[in-house]
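S.K.: Give me the fold of what follows.
(3 chains)
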Amino acid sequence: MSHTHPPGNGGADQGHAAPMVEEITDFEVLEIAVRELAIEHGLFTAEDHRRFTEWTESIGPAAGSRLVAKAWTDPAFKARVMEDAVKACKEIGVDWAEPTGFGTPSDYMNLRVLEDTPTLHHVIVCTLCSCYPRPLLGMSPEWYRTTNYRRRLVRWPRQVLAEFGLILPPEVEVRIEDSNQKCRFMVLPVRPEGTENWTEEQLAEIVTRDCMIGVALPRLDRTADVHPVHKARRPVQSSTHSGEARHERKE
Amino acid sequence: MARSKPPKNALNTAANARFKVGDRVRVKDLPNLFYTRTQMYVRGIIGTIAACTYKDVIPEDEAFNRDGRLEQYYIVRFRQKDLWPEYQFDNDTVQTESPERWLDPVDN
Amino acid sequence: MSAKSEVDSGRIELLEALRQAEKTWNVLAPRYGVTNPNPPWKTSLSAICDCLAASGALPTLDRRRAEDELAESVYSDVPVPERQLLALVHVMLSRSLLDESDLANRMRAVRTRLESA
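M.R.: All right, here's what the predicted structure looks like:
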């Protein structure tokens, strides 16, 4: 879907319209040109592209947050999630068959939810190419796609987590789930203490995307992931601190 | 190149699966023929079957459009201490997914 | 892990001409006061990648391996998502899914069309 520009600088609408980038970059032009040529050469159809674009614009991490909040408050739902996560997703309005009827060529239809416990902490990664549970979490964050994350998380998990500000006690099992085939994974974090009377909506607010990847723990006082994440030049050696340390990340 | 499809049998029916949850297996170190999703870091390492996932054509076959052969896929769990020298934390693990043909049984 | 390179990482003239440091979204958006972290074409780019994989023209793993190689070499200094776009086009050109002169011609035509809208 191409981005059209109004003529002039939209001065008449100033104060009403959201600001726009008022120039046509070569990147915008390139994307359109590639798409048109690809369709003309039969690499894919305009209809397929439209469907995937709309689907991409429809996904986001709110769905995952809803699933976690509902699992926290409804044990029967949680049991259904653990039994057949794709089927349970339909209860929160997510259909893994979209937009083709048999899913996407990257997400497939085999979701497995990884349940954390006080002694087991999951983190997801795809070392091969950055596969990610897009129907539940939306587009993957850029750091998740980097070779820096993908190569280092499996080898140095606690150092990488420390760079995100997450330090876990040594007796906790840190379990890295590498989604190298067709299963897709999402973390179901431990429900934090102090949320006993919260509504599902309140709970969903503290389940951020990073919590469902496993690089953060839900916090009562945080409803957004901290951005940007800087890679420490000398990764912190994991320590015996318990709980989560919030310290400045050095660049 | 063939288009990638969802698993033909997405149900968790591990009928005729060679391995079951809890079995110890070793990842083979087969030569890479063009297209493999079996990572180098698990080659030759012993792990434990954590789950049976689905049956599907193996990626190497799918890449060349040879329909027909279905394999059971598994999630295999490895101890980090078995993957990396001097890994410091005894309890940490990694899980990856593997088709059956990449796994050999290990006697307990 | 395949020993062979996934993509020819020689520089492509047409794409090199697109390297304008001041035209990437991370620079342009603040200049115009736009808070959206992503350019409007990002979802369309993602859809292109999905469509190429779905049709078999360019499987995801091949594309991502090429993108990793190019991100560490030719386009290491280009911010995302422009880097992702350039890497995609680079691998498509290198696999003859696109032709460089066709692309150049089409870009001129698209720009003319957008500027006269």
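
S.K.: which residues in the stretch 101-250 of chain A form strands?
M.R.: In the stretch 101-250 of chain A, the segments counted as strands under DSSP state E, counting those that start in this stretch are A:111-115, A:120-125, A:173-178, A:184-188.

S.K.: The first one: how far from the chain's middle?
M.R.: What separates the centre of strand A:111-115 from the centre of its chain is 14 Å, taken as CA atoms, centre = their mean, to the nearest Å.

S.K.: what does that strand contact?
M.R.: The contact list for strand A:111-115 (CB atoms under 8 Å, 6 or more residues apart in numbering or on different chains) reads A:67, A:71, A:81-82, A:85-86, A:89, A:96, A:122, A:124, A:133, A:135-136, A:175, A:177, A:183-188, A:214, B:51, B:53, B:75. In short, each C-beta sits where N, CA and C put it, glycine included.

S.K.: could you point out the longest helix in chain C?
M.R.: helix C:100-115 (DSSP state H).

S.K.: close to chain A, is that helix?
M.R.: Yes - using CB under 8 Å from any CB of the partner chain, we find that helix C:100-115 touches chain A at C:102-103, C:106-107, C:109-111, C:114-115.

S.K.: contacting residues around that helix?
M.R.: For helix C:100-115, using CB under 8 Å, 6+ apart, the contacting residues are A:2, A:4-5, A:24, A:26, A:28-30, A:32-34, A:36-37, C:12-14, C:89, C:93.

S.K.: Check the residues you listed for burial and list the buried ones.
M.R.: For the contacts of helix C:100-115, a burial check counting by 16 or more other CB atoms under 10 Å in any protein chain shown picks out A:2, A:5, A:24, A:26, A:28-30, A:32-34, A:36-37, C:12, C:14, C:89, C:93.

S.K.: In helices, which of these fall?
M.R.: Filtering the buried ones among the contacts of helix C:100-115 for helices - DSSP H - leaves A:26, A:28-30, A:32-34, A:36-37, C:14, C:89, C:93.

S.K.: closest point of chain C to chain B, which residue?
M.R.: Chain B sits closest to C:Gly56 of chain C, with a gap of 3.9 Å, by CB to the nearest CB.

S.K.: Near that residue, how many other residues are there?
M.R.: Neighbour count for C:Gly56, taken as other CB atoms under 10 Å in any protein chain shown: 16.

S.K.: try A:Ile39
M.R.: 17.

S.K.: quick one: the strand or helix carrying it near chain B?
M.R.: Taking DSSP states H and E as the definition, A:Ile39 sits inside helix A:26-40. No - shown here: helix A:26-40 not in contact with chain B (CB under 8 Å from any CB), separated by at least 15.4 Å.

S.K.: Just the CA trace of that helix, in CSV.
M.R.: This file holds the C-alpha atoms of helix A:26-40, laid out as CSV (Å, rounded to 0.1, in the frame of the first residue of the first chain):
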residue,chain,number,x,y,z
ASP,A,26,14.2,6.7,-2.8
PHE,A,27,13.4,4.0,-0.3
GLU,A,28,9.7,4.6,-0.7
VAL,A,29,10.1,4.6,-4.5
LEU,A,30,12.3,1.4,-4.4
GLU,A,31,9.7,-0.5,-2.3
ILE,A,32,6.9,0.4,-4.8
ALA,A,33,9.1,-0.4,-7.8
VAL,A,34,10.2,-3.8,-6.4
ARG,A,35,6.6,-4.7,-5.6
GLU,A,36,5.2,-3.7,-9.0
LEU,A,37,7.9,-5.6,-10.9
ALA,A,38,7.6,-8.6,-8.7
ILE,A,39,3.8,-8.8,-9.3
GLU,A,40,4.4,-8.2,-13.1
